[in-house]
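Undergrad: Give me a 3D structure for the following:
(one chain, ligands or ions: 1)
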Amino acid sequence: MNHSTATEILIVGAGMAARRFAEQLLERVSEPVRVTMIGDEGRQPYDRSRLSELFLGVAEEDLSFGASLFDDERLELIVDDRVLRIDRRARTVLTRSRRIHRYDTLVLATGAYAARVAIEGSSLPGCFAYRTLDDIEELREFVQVRGAELGRDLRGVVIGGGVLGLEAAGALQAMEVDATVIQYADRLMAAQLDGTAGSIVKRHLQARGITVRTGTRATRIDPDESGAVTAIEYQDGSFQRVDVVIFTVGMQARDELARNAGIDVHPFGGIVIDDGCRTSDPSVLAIGEVASYDGRCVGLTTAAHEMADVAVARMLGGDVSFSGYDESAAVTLAGVEVVSFGDALASTPDAVDVLYADPIAGVYKKLVLAEDAHTLLGGILVGDASAYGALRPLVGARLLGEPSSYVLPVRG
Ligand SMILES: Cc1cc2nc3c(=O)[nH]c(=O)nc-3n(C[C@H](O)[C@H](O)[C@H](O)COP(=O)(O)OP(=O)(O)OC[C@H]3O[C@@H](n4cnc5c(N)ncnc54)[C@H](O)[C@@H]3O)c2cc1C
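TA: Residues are numbered from 1 along each chain as shown. Predicted structure coming up:
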């Protein structure tokens, strides 16, 4: 760091990774710094991972992290502006409001776009992403206005049956919109669950009145005479009447700034980083969902936070490294606990499964063990996740008792 004057640190993006980076840096740095954070959302960072709680009665203000970070006079937050270009030679960025900001270190924390399926009609009024507070506000307003216009309950389709899709289906139900989830894969939460677990989760959702169609692809969305969504067509030629469509089919890293500035971007998207969150330009760091580590970008708060921590530590001369993605998921969907951790899909050669399934009660527990039948590699728990606390720290270690004792129901 420059010892004579304050070092200029510019963060592009004002989301989860950006906030964590600024918080950690200002807490730990002892030398003079000036931090500028530029975000295009028009508000302070908020907890994106809790967006669905807005449909459970949580207020928008409760998603905020509190203002205290922004009371620090070393930090300036600029909202409702967007960085359009990086000039690496001059070490400046240009924003939509035509302002130029200088940096010594640039931190790219621009997150990702919600992807949409490229089918006819995917941008019609009534089609939504599920990523930002603005998306949620627009969705709510549309449902209210459209419901009043049509004078009946609305019908909604969520395209994408991952965790986010199932949260979105719950959101539709909370707004009294009839909900159908369409999943191209043969099971729900295909990245986290095996076939049996996926079908048990499907039964839980159906018991809650959510329709689930797996192995199905939407091919077109049709407008009515007002131009708004009215029907959806599937690959088998069938149609369904629908008023609201939500896309939850994955994300696309917002890597265009880096790409246009000649910073290395992965062919599948995302700014390439090393385990210190450095990009191909030594003055530019990338953290969070926009960063491609080991060839992948992943949408997980834990990863965004760890990258922010590593980037700060490295800037301050530390020697820590990003440990890689931990894609464990522990969520409650339609009132049902669903946990997937470690090598849940048993991709390790010669892995052994220990299973307990009761589809009628909606309970499924699977431990994935190494060839020795004692070392825990991962697992899946649906409907009863009480063993998760004991199992999670044991991944990579020997279980403390008989494997079956972790999955069999305790007889009272
Ligand atoms: C509904 C929902 C639920 C989720 N639930 C979970 C969960 O339970 N657990 C979990 O681990 N993860 C969850 N996630 C994922 C998690 O929220 C993300 O991984 C995390 O937000 C990534 O942080 P980030 O800072 O990289 O991106 P973001 O939080 O998206 O922040 C990026 C910010 O940069 C802004 N920006 C982009 N480009 C520019 C530019 N050029 N100029 C200015 N600003 C720009 C964007 O508008 C955005 O505000 C969830 C996500 C969603 C949408």
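
Undergrad: which strands and helices sit next to the host helix or strand of residue 27?
TA: In the assignment (DSSP states H and E), residue 27 maps to helix 16-28. Counting contacts by 3 or more C-beta pairs under 8 Å, 6 or more residues apart in numbering; DSSP states H and E, helix 16-28 packs against strand 7-12, strand 33-38, helix 68-71, helix 301-315. (C-beta placed from N, C-alpha, C; glycine too.)

Undergrad: Give me the contact list for the shortest one.
TA: The contact list for helix 68-71 (C-beta atoms under 8 Å, 6 or more residues apart in numbering) reads 19, 22-23, 26, 44, 75, 77.

Undergrad: ok, back up a step: what average pLDDT does the helix holding residue 27 get?
TA: The average pLDDT within helix 16-28 is 97.

Undergrad: residues of it that come out buried?
TA: Using 16 or more other C-beta atoms under 10 Å as the test for burial, helix 16-28 gives 16-26.

Undergrad: What about the closest residue to the ligand within the stretch 101-250 of the chain, how many residues nearby?
TA: As assessed by C-beta to the nearest ligand atom, the ligand sits closest to residue 111 within the stretch 101-250 of the chain, at 2.6 Å. Residues contacting residue 111 under the criterion other C-beta atoms under 10 Å number 25.

Undergrad: do the same with the one 10 residues further on
TA: Neighbour count of residue 121, defined by other C-beta under 10 Å: 19.

Undergrad: How about the contacts made by it?
TA: Going by C-beta under 8 Å, 6+ apart, residue 121 touches 127, 220-223, 229.

Undergrad: hmm, 6 Å instead?
TA: By C-beta atoms under 6 Å, 6 or more residues apart in numbering, the residues touching residue 121 are 220-221.

Undergrad: residues in the protein within reach of the ligand, list them.
TA: Within the chain, the positions near the ligand by C-beta under 6 Å from any ligand atom are 12-18, 38-41, 48-49, 51-52, 82-83, 109-111, 130-131, 164, 167, 254, 257, 288-290, 299-302, 304.

Undergrad: Make a PyMOL selection of the buried ones in the residues you listed.
TA: Those of those that count as buried under 16+ other C-beta under 10 Å are selected in PyMOL with:
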select buried, resi 12+13+14+15+16+17+18+38+39+40+41+48+51+52+83+109+110+111+130+131+164+167+254+257+288+289+290+299+300+301+304
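
Undergrad: confidence score at the residue of the stretch 251-400 of the chain found nearest the ligand?
TA: Of all residues in the stretch 251-400 of the chain, residue 288 sits closest to the ligand, at 2.2 Å by C-beta to the nearest ligand atom. If you check residue 288, the pLDDT there is 98.

Undergrad: ok so residue 263 is a strand residue?
TA: No - counting by DSSP: H, G, I helix; E, B strand; the rest coil, residue 263 is not part of a strand but coil.

Undergrad: residues near it, how many?
TA: Residue 263, neighbours per other C-beta under 10 Å, totals 20.

Undergrad: repeat for residue 405
TA: 12.

Undergrad: And the one 4 residues further on, by the same measure?
TA: Other residues near residue 409 number 11, with proximity taken as other C-beta under 10 Å.

Undergrad: wait, is it part of a strand?
TA: No - applying three-state DSSP, one finds residue 409 to be coil, outside a strand.

Undergrad: wait, what's in contact with the closest residue to residue 19 other than its chain neighbours?
TA: Nearest in space to residue 19, with sequence neighbours left out and distances taken as C-beta to C-beta, 6 or more residues apart in numbering, is residue 45 at 3.9 Å. When contacts are counted by C-beta under 6 Å, 6+ apart, residue 45 touches 14-15, 19.

Undergrad: And the residues you listed, which is closest to residue 171?
TA: Proximity to residue 171 was ranked across the contacts of residue 45 by C-beta to C-beta; first place goes to residue 15, at 20.3 Å.

Undergrad: Closest approach to the ligand from the chain, which residue is it?
TA: For the chain, C-beta to the nearest ligand atom, closest residue to the ligand: residue 15, 1.7 Å.

Undergrad: Give me the residue at the spatial middle of the chain.
TA: Nearest to the geometric centre of the chain sits residue 299, at 3.9 Å (C-alpha atoms, centre = their mean).

Undergrad: For it, identify the helix or strand it belongs to.
TA: Per DSSP H and E: nothing holds residue 299, as it lies in no helix or strand.

Undergrad: surely it meets residue 251?
TA: Yes - between residue 299 and residue 251 there is a contact under C-beta atoms under 6 Å: 5.5 Å.

Undergrad: Quick one: the strands in the stretch 251-400 of the chain, in order.
TA: All strands of the stretch 251-400 of the chain, identified by DSSP state E, counting those that start in this stretch, fall at 251-253, 271-272, 284-286, 291-292, 329-333, 336-342, 352-358, 363-369, 376-382.

Undergrad: Need the contact partners of the last one.
TA: To tie it back to what came earlier, the one meant is strand 376-382. Against strand 376-382 from outside (C-beta under 6 Å, 6+ apart): 193, 197, 200, 338-344, 348, 351, 364-368, 370, 388, 394-395, 399.

Undergrad: For PyMOL, write the selection for the buried entries among those.
TA: Selection command for PyMOL covering only the buried members of these, criterion 16+ other C-beta under 10 Å:
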select buried, resi 193+197+200+338+339+340+341+342+343+344+348+351+364+365+366+367+368+370+388+394+395+399
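
Undergrad: returning to what we had before: could you tell me the least trusted of the strands of the stretch 251-400 of the chain?
TA: Ranked by mean pLDDT, the strands of the stretch 251-400 of the chain bottom out at strand 329-333, with a mean of 91.

Undergrad: which helices and strands does that one pack with?
TA: strand 336-342 (3 or more C-beta pairs under 6 Å, 6 or more residues apart in numbering; DSSP states H and E).

Undergrad: The strand it packs on pairs with which strands, parallel or anti?
TA: Strand pairing for strand 336-342, determined by DSSP bridges: strand 329-333 (antiparallel), strand 376-382 (antiparallel).

Undergrad: Can you add mean neighbour count and give the ones you listed back as a markdown table?
TA: Conversion of the strands paired with strand 336-342 to a markdown table gives the following (neighbours: other C-beta atoms under 10 Å):
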| stretch | mean neighbour count |
| --- | --- |
| strand 329-333 | 16 |
| strand 376-382 | 26 |
